[in-house]
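K.L.:
Got a sequence here, can you model it:
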Amino acid sequence: MKAGVNKIVRCVQVVNALGIHTRPATMIVKMLQNCKSQVSFTLRKEKINPKSIMSILMLAAAKNSRITIEVEGEDSEVVMENLVEGFKSSFGE
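P.N.:
Below you'll find the model as predicted:
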């Protein structure tokens with residue numbers, strides 16, 4: 001691991017009534033569009049790249065699912081903060 005590169009791991013709970021469906025998945029992809037860090041979501045031992053809307057939708061994250069977010073890279077703190085806030089606020093739903 002390079003000096004100055006942060007790896008952050010957090011667990012979030014899906015609070016959206018319909019789980020992570022198309023609208024919140026689109027918001028996640030847009031949020032990660034310009035991020036420089038490597039990001040992954042893990043649910044039920046399945047690890048995906050959340051920069052792909054299809055990958056997010058295939059996770060089939062229902063309400064109350066617990067997703068582990070891993071972010072590694074130069075903007076990891078900002079990216080993680082934005083994702084955690086998005087999950088807390090149901091991505092505006």
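K.L.:
hang on, T42 in a strand?
P.N.:
Yes: assignment of T42 by DSSP: H, G, I helix; E, B strand; the rest coil places it within a strand.
K.L.:
Now it: closest residue in space that isn't a chain neighbour?
P.N.:
Distances taken as Cβ to Cβ, 6 or more residues apart in numbering place T68 nearest to T42, at 4.3 Å, with adjacent residues excluded. Every C-beta, even on glycine, is put in place using the N, C-alpha and C of the backbone.
K.L.:
cool, I69 as well?
P.N.:
R10 (5.2 Å).
K.L.:
ok, the one you found - contacts?
P.N.:
68-69, 80, 84 (Cβ atoms under 8 Å, 6 or more residues apart in numbering).
K.L.:
That one is in what secondary structure piece?
P.N.:
Secondary structure from DSSP states H and E places R10 in strand 6-13.
K.L.:
wait, which of the contacts of R10 is closest to N16?
P.N.:
Nearest to N16 out of the contacts of R10 is V84 (Cβ to Cβ; 14.4 Å).
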